[in-house]
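S.K.: okay, sequence plus prediction incoming.
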Amino acid sequence: MATALPTIVPLSAIDSDLIEDLLDAAFGEQRRARTAYRIREGMEWLPGLSFAALDDEDYLVATIQLWPVALTDPDGRAHPLLMVGPVAVMPGRQGEGYGKALMAASLAAVDRLGEGSSAALPQVLIGDVDYYGKWDFSPAHTGGWHCPGPYEQGRLLARTNNAAILPREGMLGPWMG
């Protein structure tokens, strides 16, 4: 029996309490202490790039959020980036393709923004290269980057069409531009 494809909808169409409940279920109520929350502190997720997945009974099963962040280089210049995540899938529904569908939808939206220009804004996330590498996320350019909290350097991943625009060093934080 084939699994039905998820219905992908804008995250803005979902009640914020349902989103928070899903995030708590997927990551625990202590999730706000994670480094990723410090990086995007005070920012709102980007509606045009953030999505939800509904199952075949229209239940909320997964979400993805993208955020405006920046890498501030040693000279104090802020370089805008998009932070991908969290990618949250309801426990018990993980491994069914919802996360992959949401990654594909969000990154396609990012790539469409870059059409007609040299490239979309680079994207960053904290995650496993074995999983996110299939979307060209890599730690190759993030070795000199830092985060405001604990993290594993090899899990700080970036995706870009033009690596020359990425500073070699810097601190990730909210985009205040």
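M.R.: Alright, I've got the coordinates.
S.K.: residue 27 is in contact with residue 91, correct?
M.R.: No: in this structure residue 91 lies outside contact range of residue 27 using Cβ atoms under 8 Å: 9.9 Å. All C-beta atoms are positioned from the backbone trio N, CA, C, and that covers glycine.
S.K.: the more surrounded of the two?
M.R.: Neighbours per residue, other Cβ atoms under 10 Å: of residue 91 and residue 27, the larger number sits with residue 27, 15 against 10.
S.K.: is it correct that the more buried one is in contact with residue 87?
M.R.: No: if you go by Cβ under 8 Å, residue 27 and residue 87 don't touch, sitting 10.4 Å apart.
S.K.: so for the lowest-mean-pLDDT helix or strand in the chain, what gets flagged as buried?
M.R.: Every helix and strand in the chain was compared by mean pLDDT, DSSP states H and E; the lowest is helix 98-114, with a mean of 93. Judged by neighbour count (16 or more other Cβ atoms under 10 Å), helix 98-114 contains these buried residues: 98, 99, 100, 101, 102, 103, 105, 106, 107, 109, 110.
S.K.: spatially central residue in the protein, please.
M.R.: By Cα atoms, centre = their mean, the chain has its centre lying nearest to residue 84, at 1.1 Å.
S.K.: now do the SS call for that one.
M.R.: strand (DSSP: H, G, I helix; E, B strand; the rest coil).
S.K.: show the pLDDT at it.
M.R.: pLDDT, residue 84: 98.
S.K.: about what we covered before: which elements pack onto the least confident helix or strand of the chain?
M.R.: strand 7-10, strand 51-54, strand 60-72, strand 78-89 (3 or more Cβ pairs under 8 Å, 6 or more residues apart in numbering; DSSP states H and E).
S.K.: distance of residue 131 from residue 94?
M.R.: According to Cβ to Cβ, to the nearest Å, residue 131 stands 12 Å off from residue 94.
S.K.: meant to ask about residue 74
M.R.: From residue 74 to residue 94 the distance is 40 Å (Cβ to Cβ).
S.K.: repeat for residue 47
M.R.: On the measure of Cβ to Cβ, residue 47 and residue 94 end up 25 Å apart.
S.K.: please apply the same query to residue 31.
M.R.: Taking Cβ to Cβ, one finds residue 31 at 16 Å from residue 94.
S.K.: that's all I had, so thanks and see you.
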